[in-house]
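turn this into a structure:
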Amino acid sequence: MLACSAPPDGCARWTLNLLGERLVELEVVVSISHKTVRQAYGGDEGPPQPLED
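Numbers count the residues shown, from 1 in each chain. All right, here's what the predicted structure looks like:
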C-alpha cells in the first residue's frame, strides 16, 4: 500500500495531496482530488501511517 511506504524525500509523512500526486505519477489515475483520496481511505483521519519500530 502506497500510504504505508516511506514518504517522499523532504516529507515527514504522506498527505492526501501527496498521495494523489503520486497516483497520477504512477498512472493509476489521470487526475484525482484530495477529497477522493480521503474517501478511499475511509475518513477524515487521513492515510494510515507506518508503525514505528
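
what packs against the helix or strand Arg38 falls within?
In the assignment (DSSP states H and E), Arg38 maps to helix 34-40. Under the contact criterion of 3 or more CB pairs under 8 Å, 6 or more residues apart in numbering; DSSP states H and E, helix 34-40 touches helix 16-25. C-beta coordinates here come from the backbone N, C-alpha and C atoms, glycine included.

nearest the geometric middle of this protein, what residue?
Leu19 (2.7 Å; CA atoms, centre = their mean).

name the nearest residue to that one, ignoring sequence neighbours.
Leaving out its chain neighbours, the residue that sits closest to Leu19 by CB to CB, 6 or more residues apart in numbering is Val37, at 5.1 Å.

burial count for the one you found?
23 (other CB atoms under 10 Å).

my read: it touches Leu18, true?
No: using CB atoms under 8 Å, Val37 is not in contact with Leu18; the gap is 9.3 Å.

re earlier: please save the CA atoms from the helix holding Arg38 in CSV.
The C-alpha coordinates for helix 34-40 follow below in CSV (Å, rounded to 0.1, in the frame of the first residue of the first chain):
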residue,chain,number,x,y,z
HIS,A,34,-7.5,15.0,-2.2
LYS,A,35,-11.2,14.6,-1.3
THR,A,36,-11.4,11.5,-3.4
VAL,A,37,-8.3,10.1,-1.8
ARG,A,38,-9.8,10.8,1.7
GLN,A,39,-13.0,9.0,0.7
ALA,A,40,-10.9,6.0,-0.5
